[in-house]
Each structure stands twice: as C-alpha cells, then as structure tokens.
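Novice: What follows is a predicted structure for the sequence shown.
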Amino acid sequence: MKRKPWAIIVLALLHIIAPLGSFIFNAVRAGRTFEAQWYFWTKVLPPMFMVIYVLLPILAGIFIYLCKRWSYWAYLGCLLIIFITNVMAFINSMSWLNFFYLLGVLVVDLLAVAYFVVPAVRQVYFDPRMRWWEAAPRYVFKNPVMVNGSEGEISNISKGGMFVRTSLNLFEDQSVNLEWQFEGVTYKGLGTVVFKKATGDGYGIQYKELDSPSEVKALCSKLNSRGQMVPERLPGPEDSFGVWLKKVFKNREGLFPKK
C-alpha cells in the first residue's frame, strides 16, 4: 500500500457529502423543490443550523482525512456536537418520525465511533509510523557506508533516512555515525536506529543531524531523475479503488488499515 487507506478516504468523502444527502432527504420529505428547500435552510432556519448540519459534517470529513492525533479528537468532538443538537431538537419537537431520525443518527454515530476506536484504525492517528504514505520516497542505492567506523552497505535511501546492512549489532534508538561517498561528494551525519530487521543484519536509520542536508536532498533528486525509486513504493494496480472495493465485498478485507 502506497496511498492513504481507501476506507479512510471513503469515510471522509461520505462525511463531506452528508449535508447534500440531508438536503435532498429533507426536501423530499417536506415536498419542497430544491430551490425552496435552500431558501428554507438559509433564510428561515437559524444561522447556527448551517454551522452544525452543514459545516460540521464537512469539517468532520476533513479531520478524518488528515489522520493526525488532534484531528482524531476534533472529529469525535464534531460527532458529539451534532448528536447533542439532534437530541435537543427532538426534545423541542417530539414525534415518532423525529424519534426514528434521532435513533438513526445515534446508530450511525455509534458505528463511526466504534470504527475509530478499533486499535488498527486509532493507531493510524496516534502513531506517525503507521502513516506509511507520508514517508519520503525511497530510492535504490547500493553504496558503501561507514557506520560507527565499520563498513556497511546502503540498500536504499531517502531524504529522511536509509536502510543499511552491516555486521554490527545495533539496537533500536541507538545513535550512529554515518559517512559515505558518492560521485565525489562526501556525506556525514548522525542517525538513529528506528528499525531492526529480524535477521539482525539490516537496520532502518533515520537522520538525526546531517552536515549538509541539502546535499542529501540533491542526491535523492538525482536518484529520482534516474528512475531509481524502490519499485514497491510506486503506485500499482493493487492500490486502485476498484481492487480495494473488490477485496471488501469478496474477501471482507480492506476495512481496517494494515501496516
């Protein structure tokens, strides 16, 4: 997977277009034309109605799509405000129709909350390492490197770090000195081990401090121009919406993000 999970994209879009669905539903229920319904919404109802029932769902969809810790809580806050408003509206105008409408809103809100508290989904918002689509592009780069003074080999590199093979026994969160040369340029800096391969001979190292960050960026740009992006980072047919939809209905897969 090289893009944001389709499940999150679809849910965000559903929230964004929810006001349109509500507009059409209420126009049909009231027997009004769309023009008359728009006049009713904008001229008759209080301005706060537009904020709560139009702006908040759109904001909720945006918050879902952003996939940040703060946007997670902002999204739940939007749901809470919308639900409380519906409860107050029902209390002021009790009827069986409004009761079933409120019940429908409650069910939808509970399903949404249940989805976002699932660990696999919640982790996307709280753990940046789960947001793989935000990672800088990686490039194939078979090049010698010195790690803490010992020889090693870079397998791939990005603007944010590199994957190195070395006989050293490193551990996660360990700081390491890096030095390598390529086409007459010497690169030096400090890095932090953020991933250790199960076999123990490969390490993902994130840059901590580089002597010349601009030169590393220039190196990555050069590799990009040469078409050396790691193949599995390139979007493929398996990342399309159609394939995802097929997995959902056929294999019951794809509803929850996977690392």
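Specialist: Cool, the structure landed. Residues are numbered from 1 along each chain as shown.
Novice: low pLDDT regions in the stretch 1-150 of the chain?
Specialist: By pLDDT under 70, the low-scoring segments of the stretch 1-150 of the chain are 1-2, 97-98, 102.
Novice: just the helices in it please.
Specialist: Remark: helices assigned in the stretch 1-150 of the chain by DSSP state H, counting those that start in this stretch are 6-30, 34-39, 47-50, 56-66, 69-92, 96-116, 119-126.
Novice: so can I have TSV of the ones you listed showing distance to Lys197 and mean neighbour count?
Specialist: Glycine gets a C-beta too; all of them are placed from N, C-alpha and C. Below are the helices of the stretch 1-150 of the chain laid out as TSV (distance: least, C-beta to C-beta, whole Å; neighbours: other C-beta atoms under 10 Å):
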stretch	distance to Lys197	mean neighbour count
helix 6-30	29	15
helix 34-39	59	13
helix 47-50	54	11
helix 56-66	32	20
helix 69-92	28	15
helix 96-116	32	13
helix 119-126	22	16
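Novice: Adding distance to Asn224, write those out as a markdown table.
Specialist: Shown next, in a markdown table, are those (distance: least, C-beta to C-beta, whole Å):
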| stretch | distance to Asn224 |
| --- | --- |
| helix 6-30 | 26 |
| helix 34-39 | 48 |
| helix 47-50 | 46 |
| helix 56-66 | 26 |
| helix 69-92 | 30 |
| helix 96-116 | 36 |
| helix 119-126 | 27 |
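Novice: Nearest to Gln181, out of the ones you listed?
Specialist: Closest approach to Gln181 among those (C-beta to C-beta): helix 119-126, 38.4 Å.
Novice: chain center to that closest one, what's the gap?
Specialist: Centroid separation between helix 119-126 and its chain, computed with C-alpha atoms, centre = their mean, to the nearest Å, is 10 Å.
Novice: Next, the angle from it to helix 69-92.
Specialist: 110 degrees (axes from the mean of the first three to the mean of the last three C-alpha atoms, to 10 degrees).
Novice: neighbouring contacts of helix 119-126?
Specialist: 5, 8, 67-69, 71-72, 115-116, 130-131, 256-258 (C-beta atoms under 8 Å, 6 or more residues apart in numbering).
Novice: what's near enough to touch the residue nearest in space to the middle of the chain?
Specialist: With distances taken as C-alpha atoms, centre = their mean, Cys67 lies nearest the centre of the chain, 4.3 Å away. By C-beta under 8 Å, 6+ apart, the contact set of Cys67 is Lys4, Ile8, Val124, Tyr125, Arg131.
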